[in-house]
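[1] Give the three-dimensional model of this entry:
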Amino acid sequence: MTGTGISPWLSILTVMTMLLVLAIPVGLVLVIVGLVQYFRPVPQAVGPEDTLKHRYAAGEISLSEYEEMLRTLRGEQS
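    Just a heads-up that it's a prediction; the model follows:
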């Protein structure tokens, strides 16, 4: 001992207590974040007709291409 009168075990216990006091709120935040992510609704899948609509709206394809592709997707004869 160095003469301070503080036991090394008391120092270790103090550090462990401080870590525990910090670990509890951090753990609670992690649990809450995990629960929010788990219960978040899953986005709906985009179908081929929706993709085709977006491509037409963005100007990637012409009206005639859109109509032809739509007929193909629906299995209609041209």
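[2] Where does the prediction get shaky in this protein?
    Scanning the chain for pLDDT under 70 picks out 1-5, 78.
[3] switch to 50 and redo it
    For the chain, the stretches with pLDDT under 50 are 1.
[4] buried set for the helix ranked longest in it?
    In the chain, with assignment by DSSP state H, the single longest helix is helix 8-39. Of the residues in helix 8-39, none count as buried by neighbour count, 16 or more other C-beta atoms under 10 Å. No exception for glycine: its C-beta is placed from N, CA and C like everyone else's.
[5] Other residues contacting the helix or strand that it is followed by?
    Counting by DSSP states H and E, the next helix or strand C-terminal to helix 8-39 is helix 48-57. Outside helix 48-57, the residues within contact range by C-beta atoms under 8 Å, 6 or more residues apart in numbering are 61, 63, 65, 66, 69, 70, 73.
[6] Closest one of those residues to residue 39?
    residue 73 (34.4 Å; C-beta to C-beta).
[7] Counting neighbours, what do you get for the closest one?
    If you count neighbours by other C-beta atoms under 10 Å, residue 73 ends up with 13.
[8] try residue 52
    19.
[9] same thing with residue 47?
    Counted with other C-beta under 10 Å, the neighbours of residue 47 add up to 10.
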